[in-house]
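>>> Provided below for reference: sequence and predicted model.
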Amino acid sequence: MNRFLTIMFALLLTCVLAGCGAKTYQVTTKAGKTYTAKGSLEYDVQSETYKFKNDDGKEVILNQEDIEVIQETK
């Protein structure tokens, strides 16, 4: 029984720590559209675009000039 509780505690701790490490960002375009990015955004210097995955797991690519603001959310 003690071993079971230790394993359950370790799994719970792992889930809590993984949840704290996942950041989300809200990206608002100049046109007023808002995206939620799961994880960090990747910036391509050559094409001047940001690439990220949205809530649905789909890849979104936006030009830097089209972005109004990028905010980290909690």
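That came in fine, so what should we check first? Numbers count the residues shown, from 1 in each chain.
>>> How about Gln64, nearest residue that isn't a chain neighbour?
Nearest non-adjacent residue to Gln64, counting by C-beta to C-beta, 6 or more residues apart in numbering: Glu48, 4.5 Å away. Backbone N, C-alpha and C define where each C-beta goes, glycine included.
>>> List the contacts of the one you found.
When contacts are counted by C-beta atoms under 8 Å, 6 or more residues apart in numbering, Glu48 is found next to 63-65.
>>> Quick check: of the residues you listed, which lies closest to Tyr43?
Closest to Tyr43 out of these is Gln64 (7.6 Å), distances taken as C-beta to C-beta.
>>> quick one, phi/psi of that closest one?
The phi/psi pair for Gln64 (degrees, to the nearest 10) reads phi -60, psi -40.
>>> thinking again about what came up before, what is the nearest of the contacts of Glu48 to Asn2?
Relative to Asn2, and with distances defined as C-beta to C-beta, the nearest of those is Gln64, at 55.4 Å.
>>> Could you give the average pLDDT over the strand or helix carrying Thr36?
Secondary-structure element containing Thr36, defined by DSSP states H and E: strand 34-38. Average pLDDT, strand 34-38: 93.
>>> can you tell me the helix or strand for Gly57?
Under DSSP H and E, no helix or strand contains Gly57.
>>> If you could redo that for Ile70, that was the one I meant.
Ile70 belongs to strand 67-73 when assigned by DSSP H and E.
>>> Same question for that strand: list its buried residues.
Of the residues in strand 67-73, Ile67 count as buried by neighbour count, 16 or more other C-beta atoms under 10 Å.
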